[in-house]
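Trainee: Build me a model:
(chains A and B)
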Amino acid sequence: MSTRLATGGRLLNRGDVIRFSFNGQTLKGVQGDTLASALLANDQMLVGRSFKYHRPRGIVAAGPEEPNALVNLGSEGAFEPNQRATTTELFEDLTATSQNHWPSLEFDVGAINAKLARFMPAGFYYKMFIHPRPLWKHVYEPFIRQAAGLGKAPKGRDADSYEHFYAHCDVLVVGGGIAGLTAAHAAAQTGARVIVLEQTAHWGGRAPVDGGTVDGLPVDKVVDDLVSALIDMPNVTLRLRTMGAGVYDHGYVLGYERLTDHAPERAGPRHRLWRIRAGHTITATGAIERPLSFAGNDVPGVMLAASVRDYAVNFGVSVGDRTVVVTNNDDAYRTAIALNDAGLTVPAILDARVLPVDSPLMAAAKTAGIRVMMGHGIARVMGSKRVTGVAVCAQAGEGAVLEEIACDAVAMSGGWSPVVHLWSHCGGKLFWDTDFAMFRPDVDKAPLGADGRAFVSPAGAANGHFGLQEILGDAHAMGQGAARATGFKPKNTAAPAGDSIEEAAMAPVWLMPQGAGKALRGKTWLDYQNDVKVSDVQLAAQEGFESVEHAKRYTTLGMATDQGKLSNINGLAILSDALDQPIPQTGTTTFRPPYTPISMGAIGGEARGDVFQPIRRTPMHDWHDENGADWEPVGQWRRPYAYVRSGETVHDAVMRETQNVRENLGLLDASTLGKLVVKGPDAGKFLDMLYTNMMSTLKPGKCRYGLMCDENGFLIDDGVVARIDDQTFLCHTTTGGAERIHAHMEEWLQTEWWDWQVYVANVTEQYAQVAVVGPNARAALEAMGGMDVSKDALGFMEWADGTLGGFDVRAYRISFSGELSYEIAVRASEGQAFWDALMAVGAALGVMPYGTEALHILRAEKGFIMIGDETDGTVIPQDLGLHWALSKKKDDYLGKRAHLRSHMADPNRWKLVGLLTEDGSVLPDGAYAVADGTNANGQRNMQGRVTSSYHSPNLGKGIAMGLVLHGPDRMGEVLAFPGTDGKTYKARIVDPVFYDPDGEKQNV
Amino acid sequence: MLILTCPCCGVTGEETEFHAGGEAHLTRFGPGSTDDDFESYLFMRENPKGVHFERWRHVYGCGKWFHAARCTTTLEVFGTYPAQTLAPPQELCDAISAKRPGWSWRALS
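Mentor: All right, here's what the predicted structure looks like:
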């Protein structure tokens, strides 16, 4: 069993006991524990079930590479699935539950899958669920969805807050181990601004566990001194609990800081995303130990050798009373010696190698009385929910059992893989190191920055160096090199001198025993999280999935939350062997950020709720809000859809407002309409290029409706242009179009006609604009008092400056409703006062404010198009019967050439018509008119679609516009529109102008 | 995320400050042009592996359009220059030729 030792635990504060719960059971840990160490201290080795076969799974590692110990943390608004117990610091009242089992962790029905393993080989789902096709939707997919995915998605709203930090530095060091600290110190001594990120809560990484001396001092003391020195340097920023998550183009690096995961009672954001722009980045990310591939290597109690040592040294936890060590390298001997020193039993070290002479670590183990069996390995592990023993065999053989050794834990080491993820994220290349059987960074093929020079350097174990001496030398050189690369001048100082025990060479062991037969290979796990075995990878190769990327997807090797941190290299080796090619030829799968999963909250940062997006408000926004506005987002603006009175539905309000405009007087807040001032000697010439119709001939004091197309000929915007003076135009755009059209104008002015003398200014927010609309509009303005707004003084499509009710105004006599209508612009600061004055004088004239839906209905009654309804980026003016707005006099304008392309001139383009249902009901918006026959895909042929559809209270029936094949030539024909509700709607093709076709009402 | 230097205001900023605008140095064809020329102007774009000239706008800065010469494989930025020109500056072309022997302006397709 696993338990807490009486002594030891360098990270523990034993006096401070912490209570936590696991699967509802209250357990005790101590301050300094991780959830994993505390579970082990309580003999809770079994922590979950595997994904596919629901096999019992125990803690394997002590760091972020852990594939098995994934738990649900917290509840409700703080619930989070798939959290690694090994990186979760323990705190009072922590609540964790295990995942992927039913009904319980100890007894899981899904474990039946393991008995069926023979029938569930690699690619099982692909093979099984293809036929018969109809079963997919109703049987297979629901079943797979039920079974798929580790953990459960949280249901509640995230109660925590998150934030982003922006940081700049010369040298960024990712990793606060001995290599990272040494590199940071070397760089910081030159005066460079340095940031150091360490993902755990402690500095020093593995070095204090593994031991050794630096310049004669014990390495843990050296770590403390280095950290103190760095803290004292004003040019250095140190951050614990902050992972380097990803390295991106031109030195952009994301850091993921976990601020309150370990102390949830603390105020402030839970996670912080660091958005760092670094001149040079050093990846001192260490190395991860590899498992060995032997039968039963997934039984709880089989762990990585160095992790077993971590639990003993860092947390004072024994993972078992009797631990068999199995290895292909010297490092695992440190574990055997550490366990022996702690008073625990190591029945044997099974070393797959055969070495002529004992290395110093071997000799030390033997001196300590530990039995060392060279050339031996594990044939299989005994036990199911916990190791009960191992069967020993010769590594060279096929697995004949030589003896059985009773034990309750196995510490395995298959060698070490440098953590090359961050080096590789942005294109750093790797090479295969035969001596250590590992991929390591090829420093001559580093990621390149904006200046074409390397911007990432690996250091220490992450660069494939393992002895303390080599690590320190490499880190010192890389730190100085990074400073030099960012313009600092390092002094000629020597690296600190490390002293560590010399190790014998490791020997690659990809399968144990090397001749393991089919039965053993089918129990030999490569990927614990995804249940991928040696036999699965071999099957993938046999079935032709030879590319490593294909084999990964086919078998799921290296997928899910751990992304194969333990399994990838072993899997590659098995694949390479099956393909009979060297490992470098197989290559690796792509390393993608983030290094380990980061929270969605951190990615979102502060951008949620009210600050997700800025909201633009007109000067009258608050009045609308107080007067029943039902808000509609239009771009970043909020516009009242309708003003709902008590007792009314929104629809009632829309009907009332629409009718009142035609009968009395309506006010519309039109401030959101884009207003662009185009000014200069060439302004007229410029607008002639941008609008399809002629603008240069417009007289000052007059307005003209204009259409804008892009170079492809498609409609992009429309609006009324007013000529202010000889060199000045004011162009109205759609509400959503102001910024876009402003940018469009700037683009043409800056990049094509840069010699034309024109300036464009977006003055949208400088004005409040009110549409005063209806038969009583003139009476209302006259009641305000001031300028002459009579028909003779201010005719239709004219504008004039003046005063109304004491306000300086610009009055435009334009109409988007077909009624007598003025749009009055005032200073934005006076918008509310002007609105109030209009409401006051309008009281006797039946005034009502109206919203965007009434606006839409009024324009549809008149057959006026709306950009975004009648247009969708594929519609040209000719489709909408707007030929009159296409100038024939101009040699050129944007879209003119495009309209001559064969498809644009095609007589079969759908054209704008009006549509009236037979019974006066409302056609479904967006519905398609069906034609006879089917197309090449077997779908019904279409002959048109509805672009706008409303109930018109003024006409007492539904009205619609649509684009229909040969529409204008088919007046009176009835089309069928199947709705999504299963009904078929019938509508007759009519003229799109439903109301006042002669335009008499707007021209009074 | 790239870093670019706006040649108009001199600011070196994050990619998010800028907006990409596709290939630079296109020649506009209008009324009177052949179908082939017009189609090429609207739709045909270079897609080189290596040196590329592209348009950018300093959209959250000075608002100006400029051109950047960039390597599509290494993402190296050789230089930026104002958009009011028909061809890249000679010294930039010389610098690129020095870094990418054999390269010359408009020797692409």
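Trainee: can you pull out the helices in chain B?
Mentor: B:35-43, B:90-99 (DSSP state H).
Trainee: Is it possible to get JSON lines of these that adds mean neighbour count?
Mentor: From N, CA and C alone the C-beta is placed, and that goes for glycine too. Listed next are these as JSON lines, based on neighbours: other CB atoms under 10 Å in any protein chain shown:
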{"stretch": "helix B:35-43", "mean neighbour count": "14"}
{"stretch": "helix B:90-99", "mean neighbour count": "14"}
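Trainee: do you know which of those lies nearest chain A?
Mentor: Of all the helices of chain B, helix B:35-43 sits nearest to chain A, with 5.7 Å by CB to the nearest CB.
Trainee: List the contacts of that closest one.
Mentor: For helix B:35-43, the external contacting residues (CB atoms under 8 Å, 6 or more residues apart in numbering or on different chains) are A:Glu711, A:Asn712, A:Arg897, A:Ala898, A:Arg901, B:Leu26, B:Thr27, B:Arg28, B:Phe29, B:Ser33.
Trainee: if we go to 7 Å?
Mentor: Here helix B:35-43 makes contact (CB atoms under 7 Å, 6 or more residues apart in numbering or on different chains) with A:Glu711, A:Asn712, A:Arg897, B:Leu26, B:Thr27, B:Arg28, B:Phe29.
Trainee: which two in these are spaced the farthest apart?
Mentor: Pairwise distances across these peak at 16.8 Å for A:Asn712 and B:Thr27 (criterion: CB to CB).
Trainee: higher neighbour count, these two?
Mentor: The neighbour count for A:Asn712 versus B:Thr27, taken as other CB atoms under 10 Å in any protein chain shown, is higher for A:Asn712 (18 against 9).
Trainee: Run a quick neighbour tally on the residue in the stretch 451-600 of chain A positioned nearest to chain B.
Mentor: Nearest to chain B in the stretch 451-600 of chain A, going by CB to the nearest CB, is A:Gly452, at a distance of 3.8 Å. If you count neighbours by other CB under 10 Å, A:Gly452 ends up with 14.
Trainee: Quick check: pLDDT value at the residue nearest to it when sequence neighbours are not counted.
Mentor: In space, and not counting its chain neighbours, A:Gly452 is closest to B:Glu76: 3.8 Å by CB to CB, 6 or more residues apart in numbering or on different chains. On pLDDT, B:Glu76 comes in at 96.
Trainee: measure B:Glu76 to A:Asp435 for me?
Mentor: Distance, B:Glu76 to A:Asp435, using CB to CB, to the nearest Å: 34 Å.
Trainee: Kindly report the same for B:Arg106.
Mentor: Counting by CB to CB - B:Arg106 and A:Asp435 are separated by 50 Å.
Trainee: Next: A:Gly460.
Mentor: Taking CB to CB, one finds A:Gly460 at 17 Å from A:Asp435.
Trainee: These two: which is more packed in?
Mentor: Each of A:Gly460 and A:Asp435 has its neighbours counted (other CB under 10 Å); A:Gly460 has more, 33 against 9.
Trainee: can you confirm A:Gln514 is in a strand?
Mentor: No: under DSSP: H, G, I helix; E, B strand; the rest coil, A:Gln514 sits outside any strand and is assigned coil.
Trainee: who touches stretch A:10-20?
Mentor: A:26-33, A:38, A:90-94, A:202, A:208, A:313-316.
Trainee: meant to ask about stretch A:933-946, not that
Mentor: Contacts of stretch A:933-946 (CB under 7 Å, 6+ apart): A:910, A:915, A:923-932, A:960, A:962-965, A:967, A:975, A:977.
Trainee: what about that stretch, start to end distance?
Mentor: 20 Å (CA to CA, to the nearest Å).
Trainee: chain center to it, what's the gap?
Mentor: 38 Å (CA atoms, centre = their mean, to the nearest Å).
Trainee: Enumerate the positions of it that are buried.
Mentor: A:Gln943, A:Gly944, A:Arg945, A:Val946 (16 or more other CB atoms under 10 Å in any protein chain shown).
Trainee: Quick check: mean pLDDT of that stretch?
Mentor: The average pLDDT within stretch A:933-946 is 95.
Trainee: can you check stretch A:250-270 too?
Mentor: pLDDT averaged over stretch A:250-270 gives 96.
Trainee: Then stretch A:990-1001?
Mentor: The model assigns stretch A:990-1001 a mean pLDDT of 93.
Trainee: contacting residues around that stretch?
Mentor: A:818-820, A:861-863, A:912-916, A:952, A:954-955, A:959, A:961, A:971.
Trainee: now the end-to-end length of it.
Mentor: Separation of the first and last residues of stretch A:990-1001 by CA to CA is 21 Å.
Trainee: How many residues are close by the closest residue to chain A within chain B?
Mentor: Residue of chain B nearest chain A, by CB to the nearest CB: B:Glu76 (3.8 Å). When neighbours are counted by other CB under 10 Å, B:Glu76 registers 20.
Trainee: swap in A:Gly212?
Mentor: Around A:Gly212 there are 20 residues (other CB under 10 Å).
Trainee: Using the three-state scheme, assign the residue lying closest to A:Val346 once chain neighbours are set aside.
Mentor: In space, and not counting its chain neighbours, A:Val346 is closest to A:Ala336: 4.7 Å by CB to CB, 6+ apart. Here A:Ala336 is recorded as helix under three-state DSSP.
Trainee: got the contact list for A:Ala336?
Mentor: Contact analysis of A:Ala336 by CB under 7 Å, 6+ apart lists A:Val325, A:Val346, A:Ile349, A:Ala365, A:Ile370.
Trainee: and chain A, which of its residues are near chain B?
Mentor: A:248-250, A:252, A:448, A:450-452, A:711-712, A:746-747, A:750-752, A:754, A:891-892, A:896-897 (CB under 7 Å from any CB of the partner chain).
Trainee: Tell me which of those fall in strands.
Mentor: Secondary structure assignment by DSSP state E places A:Tyr248, A:Tyr252 of these in strands.
Trainee: where in the chain is pLDDT low?
Mentor: Just so you know, I chose chain A. In the predicted model of chain A, residues A:102-103, A:109-121, A:124-134, A:136-137, A:139-150 satisfy pLDDT under 70.
Trainee: Please refer instead to chain B.
Mentor: B:108-109.
Trainee: now, which of the residues of chain A next to chain B lie within helices?
Mentor: Per DSSP H, the residues of chain A next to chain B map to helices at A:Glu746, A:Glu747, A:Gln750, A:Thr751.
Trainee: Next, format these as JSON lines and append distance to A:Ile231 and neighbour count.
Mentor: Converted to JSON lines, those look like this (distance: CB to CB, whole Å; neighbours: other CB atoms under 10 Å in any protein chain shown):
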{"residue": "A:Glu746", "distance to A:Ile231": "50", "neighbour count": "18"}
{"residue": "A:Glu747", "distance to A:Ile231": "51", "neighbour count": "15"}
{"residue": "A:Gln750", "distance to A:Ile231": "50", "neighbour count": "19"}
{"residue": "A:Thr751", "distance to A:Ile231": "52", "neighbour count": "21"}
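Trainee: Could you say which helix or strand holds the residue in chain A sticking out farthest from the centre?
Mentor: What lies farthest from the middle of chain A is A:Asp792; by CA atoms, centre = their mean that is 60.6 Å. Under DSSP states H and E, no helix or strand contains A:Asp792.
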